[in-house]
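Q: Got a predicted structure plus its sequence, pasted below:
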Amino acid sequence: MTTHDTTETTETATGPSEERVDWQTKLRYFLNSDFVRSSPYWGIPFLLMGIAVYGGIGYNLAISFTDYAGIARPSFSSLDLEMYRRALADGSFRAAAFQNFVLLVGFTSISLGLGLFLAVLLDYGIRYKETIQTIYLLPMALSFVVTAQLWLWMYSPGSNGMLNVLVTTFGFEPIDWLGNPKLSLAAVIFALVWQFSGYAMVVFLAGLQSLPSDQFEAAKVDGASTTKTYVRIIIPQLKQASVGAAVVLMLFALKAFDFLYAITGNYRPPNGTDILATLMVREAFQYGQWAYGAAIATMLLLLSLAVIAPYLIFQHRQGSL
């Protein structure tokens with residue numbers, strides 16, 4: 001009986017001591033880890049980003065639940081969804097959302113199609129390959145504002161715009177490209193495709209060049225033509241490149257405010273080109289409807305997340321995340 005008690009006393013005495021030593025060892029290991037030792041370098045930028053970016057997003061979300069109009073400090077005593085209900089009932093919001101959807105789908109699909117076509121031509125080895133690649137990549141080096149000023153001159157009404165010079169040369173009347181609601185959105189999409197189709201071309205070209213070359217040889221042995229080889233064998237393997245390029249292009253379409261603002265020159269674009277970003281800025285900065293503008297900004301953020309989330313899920317399933 002005495003021996004048993006002594007054993008229990010010894011286990012009781014040594015157990016906490018061993019746990020304490022193990023806890024101290026883990027703490028010492030954590031404090032000496034690269035994560036902690038590098039914290040002076042990444043901690044402050046991470047804190048500033050958290051306050052400036054995520055803090056701003058959170059404050060914008062809180063503002064959207066109020067009726068703040070920019071006159072005094074916002075009151076958070078009563079929060080509701082009134083601004084979101086107002087947006088869904090607002091004809092201007094619905095029109096901007098529809099035009100944003102048309103811009104997103106039209107710009108993305110045309111850029112992907114043109115980029116894939118150019119990538120296949122370059123991969124096939126056409127003449128002046130480097131020249132064509134440089135020409136289509138050059139617009140990517142320009143900002144939205146510079147591109148907008150260039151196309152503003154191209155679309156200039158009357159006989160001063162370059163496009164109208166071509167139109168009048170063939171005996172037609174000058175066209176108001178940006179003032180006509182039936183043409184303005186198509187004109188904007190065309191300008192954006194001109195700028196970003198080179199990006200899609202580079203993404204697809206990288207995907208094509210990463211594929212093994214023996215697939216072409218095997219297809220030739222089987223008697224397949226070059227067109228059938230690309231359509232049935234090569235292009236279907238570009239799924240990951242297609243998804244990645246589509247996500248980036250859709251995000252560009254959602255944040256095209258600076259392009260539209262620069263090409264129209266005011267807060268109210270002509271009918272047919274108003275999107276959620278321009279509506280948000282106009283409601284907040286021109287009309288002082290800060291809570292309404294914050295609600296539109298929140299919904300625009302949710303749309304961006306809806307674009308990115310499926311891509312992240314796709315990348316995770318592919319083992320890239």
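A: Received, thanks. Numbering: from 1, shown residues only.

Q: any weak-confidence spans in the stretch 51-200 of the chain?
A: Low-confidence segments of the stretch 51-200 of the chain, defined by pLDDT under 70: 159.

Q: any idea which helix or strand carries Ala22?
A: In this structure residue 22 is Asp, not Ala. Counting by DSSP states H and E, the element that carries Asp22 is helix 2-31.

Q: ok, now Asp258?
A: When elements are assigned from DSSP H and E, Asp258 belongs to helix 257-264.

Q: Same check on Val243?
A: For Val243, the enclosing helix or strand under DSSP H and E is helix 239-254.

Q: That helix packs against which elements?
A: Where contact means 3 or more Cβ pairs under 8 Å, 6 or more residues apart in numbering; DSSP states H and E, helix 239-254 is packed against helix 91-124, helix 181-209, helix 290-317. For glycine as for every other residue, the C-beta is placed from the backbone atoms N, C-alpha and C.

Q: mind listing what's buried in that helix?
A: Within helix 239-254, the residues scored as buried using 16 or more other Cβ atoms under 10 Å are 241-242, 244-254.

Q: pLDDT for those - can I get that in TSV?
A: As requested, these are exported to TSV (pLDDT from 0 to 100):
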residue	pLDDT
Ala241	87
Ser242	89
Gly244	87
Ala245	90
Ala246	91
Val247	90
Val248	89
Leu249	92
Met250	91
Leu251	88
Phe252	86
Ala253	87
Leu254	85
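
Q: ok, of those residues, which one's closest to Leu150?
A: Phe252 (17.0 Å; Cβ to Cβ).

Q: Could you measure from that closest one over to Gln24?
A: Distance, Phe252 to Gln24, by Cβ to Cβ, to the nearest Å: 53 Å.

Q: sorry, back to before: now the helix holding Val243, how far from the chain's geometric center?
A: Distance of helix 239-254 from the chain centroid (Cα atoms, centre = their mean, to the nearest Å) equals 7 Å.

Q: Could I get the contacting residues of Pro74?
A: Counting by Cβ atoms under 8 Å, 6 or more residues apart in numbering, Pro74 makes contact with 62-63, 66, 68, 290-291.

Q: Repeat the analysis, applying 10 Å as the threshold.
A: By Cβ atoms under 10 Å, 6 or more residues apart in numbering, the contact list for Pro74 reads 59, 62-63, 65-68, 290-291, 294.

Q: Is it possible to mark the buried ones in those?
A: 63, 65-68, 290-291, 294.

Q: Quickly name whichever of the residues you listed is closest to Met83.
A: When the buried ones among the contacts of Pro74 are ranked by distance to Met83 (Cβ to Cβ), Ala291 comes first, at 5.1 Å.

Q: Can you tell me the SS state at the nearest residue to that closest one once chain neighbours are set aside?
A: Distances taken as Cβ to Cβ, 6 or more residues apart in numbering put Tyr68 closest to Ala291, at 4.4 Å, once the chain neighbours are dropped. Here Tyr68 takes the coil state, with states given by DSSP: H, G, I helix; E, B strand; the rest coil.

Q: hmm, back to that, spatially, which two of the buried ones among the contacts of Pro74 are the most separated?
A: For these, the maximum inter-member distance is 12.2 Å, found between Phe65 and Trp290 (Cβ to Cβ).

Q: Quickly list what's touching both of those two.
A: The contact lists of Phe65 and Trp290 share 74, 83, where a contact means Cβ under 10 Å, 6+ apart.

Q: which residues sit against the helix or strand hosting Val167?
A: Using DSSP H and E, Val167 falls within helix 162-169. Defining contact as Cβ under 10 Å, 6+ apart, one finds that helix 162-169 is touched by 150-151, 153-159, 161, 172-177, 187.

Q: repeat that for 8 Å
A: So helix 162-169 is in contact with 153-159, 173-175, 177, going by Cβ under 8 Å, 6+ apart.

Q: can you put those in TSV and add neighbour count?
A: Formatted as TSV, those follow (neighbours: other Cβ atoms under 10 Å):
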residue	neighbour count
Trp153	12
Met154	17
Tyr155	23
Ser156	18
Pro157	14
Gly158	10
Ser159	10
Glu173	8
Pro174	16
Ile175	18
Trp177	23
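
Q: Now the two most distant members of these.
A: Using Cβ to Cβ, these reach their maximum pairwise distance at Trp153 and Glu173, which is 19.6 Å.

Q: Can you tell me the centre-most residue of this structure?
A: The residue lying closest to the centre of the chain (Cα atoms, centre = their mean) is Leu251, at 2.1 Å.

Q: What separation is there between it and Arg86?
A: 27 Å.

Q: same thing with Pro174?
A: Taken as Cβ to Cβ, the span from Pro174 to Arg86 is 40 Å.

Q: Quick check, the residue nearest to the centre of the chain in contact with Leu303.
A: No - look at Leu251 against Leu303 with Cβ atoms under 8 Å: they stay out of range, at 9.8 Å.
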